[in-house]
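J.: after the sequence you'll find the predicted model.
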Amino acid sequence: MTTATAAPDTPTVTAKGTMPVAGHLREASRRGIRAAVALLVGVVVGFWLSDQILEVLRSPIEQIAQSQDASLNYDTVTGAFDLKLKIALFTGVIGSSPIWLAELFAYVTPGLNRRERKYTFGFLAAAIPLFAAGCAFGFLLFPHMVEMLAGFSSAEDSTILNAGYYVDFVMKMVLAIGVAFVLPVFVVVLNALGLLPASTLRRGWRAIVVVIVLFSALVTPAADVLSMFLVAAPMSALFAAAVFITHLHDRRLIRSQPCSA
């Protein structure tokens, strides 16, 4: 009697629509390599563009230097190289984000049902442009903040800034504003999942406004009301839009429910 043997390359299917653990590992490895390559390319490009990026970040210091002594300085021998690496990593992560995010969600989405996929892609479609808009807004805002903060010193003083600390300050502020612009999307997603009713948001709008003002004060650490207002105003508008969307969603759910006798 002869026994039929399965081909060694034939994948084992455990159930319809499922993949064995070995298949998941191969898929994760393949997509992880693609994401790592994209990140590496982004870091190389960021290192190549680091001088031009630093020139943009240095522009407020050059404006200050027209009225008083101001400059960026390095406190270690390797400070300039470390700063180029920091800028390259930041640029690489942000620049390659469309690729590694696509690989991440391509790996996750096959395990989601139709409803979850719809919410996932809807979240990405709204979150990515909002994050980009927030980062762009932060880049437009930071020169004003730097000039205003350095303006507290007198003309007889010298403004000597540590280059690493300065770049960290700008990057953290830009990222914080970018993330803040995405938060209203999370509110809409939580409402769509039935975890956050619109009525709760309407009742807590005062607390939301207070949190927005506090956040704006933290990312604009200065006694500059205009900068804080420029951050708080668009965030408040985005949260108001999120509350309006959740209100429409809840009202549609109520109307779709069958009327009880």
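T.: That came through, no problem.
J.: which residue ranges form the strands in the stretch 51-200 of the chain?
T.: In the stretch 51-200 of the chain, strands defined by DSSP state E, counting those that start in this stretch lie at 70-73, 159-162, listed in chain order.
J.: which strands and helices sit next to the last one?
T.: In this case it means strand 159-162. helix 50-65, strand 70-73 (3 or more Cβ pairs under 8 Å, 6 or more residues apart in numbering; DSSP states H and E). Every residue, glycine included, has its C-beta placed from N, CA and C.
J.: next, format the ones you listed as a markdown table and append distance to Ser158, mean neighbour count and mean pLDDT.
T.: Formatted as a markdown table, those follow (distance: least, Cβ to Cβ, whole Å; neighbours: other Cβ atoms under 10 Å; pLDDT from 0 to 100):
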| stretch | distance to Ser158 | mean neighbour count | mean pLDDT |
| --- | --- | --- | --- |
| helix 50-65 | 10 | 15 | 87 |
| strand 70-73 | 7 | 16 | 84 |
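J.: those: which one's closest to Tyr107?
T.: Distance to Tyr107, taken as Cβ to Cβ, is lowest for helix 50-65 among the helices and strands packed on strand 159-162, at 31.1 Å.
J.: show residues contacting that closest one.
T.: 46, 70-72, 83-84, 87-88, 91, 139, 142-143, 146-147, 150-151, 159, 161, 166-167, 170 (Cβ atoms under 8 Å, 6 or more residues apart in numbering).
J.: can you redo the helices and strands packed on strand 159-162 as JSON lines with distance to Leu130?
T.: Shown next, in JSON lines, are the helices and strands packed on strand 159-162 (distance: least, Cβ to Cβ, whole Å):
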{"stretch": "helix 50-65", "distance to Leu130": "22"}
{"stretch": "strand 70-73", "distance to Leu130": "31"}
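J.: out of the ones you listed, flag the one nearest Phe215.
T.: Across the helices and strands packed on strand 159-162, closest to Phe215 is helix 50-65 (Cβ to Cβ), at 22.8 Å.
J.: and the closest one, C-alpha only, in CSV?
T.: The C-alpha trace of helix 50-65 is given here as CSV (Å, rounded to 0.1, in the frame of the first residue of the first chain):
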residue,chain,number,x,y,z
SER,A,50,20.0,67.5,7.9
ASP,A,51,22.0,70.7,7.0
GLN,A,52,19.0,72.2,5.1
ILE,A,53,16.6,71.2,7.9
LEU,A,54,18.9,72.8,10.5
GLU,A,55,19.0,76.0,8.5
VAL,A,56,15.2,76.2,8.7
LEU,A,57,15.3,75.5,12.4
ARG,A,58,18.0,78.1,12.8
SER,A,59,16.1,80.9,11.1
PRO,A,60,14.5,82.3,14.3
ILE,A,61,18.0,82.5,15.9
GLU,A,62,19.3,84.5,12.9
GLN,A,63,16.4,86.9,13.4
ILE,A,64,17.3,87.3,17.1
ALA,A,65,21.0,87.8,16.1
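J.: next, work out how far apart the most centrally placed residue in the chain and Arg117 are.
T.: With distances taken as Cα atoms, centre = their mean, the chain has Val179 as the residue nearest its mean C-alpha position (4.4 Å). Shown here: Val179 relative to Arg117, a distance of 24 Å by Cβ to Cβ, to the nearest Å.
J.: one more: Ala242?
T.: From Ala242 to Arg117 the distance is 21 Å (Cβ to Cβ).
J.: neighbour-wise, which of these two wins?
T.: Ala242 (24 against 15; other Cβ atoms under 10 Å).
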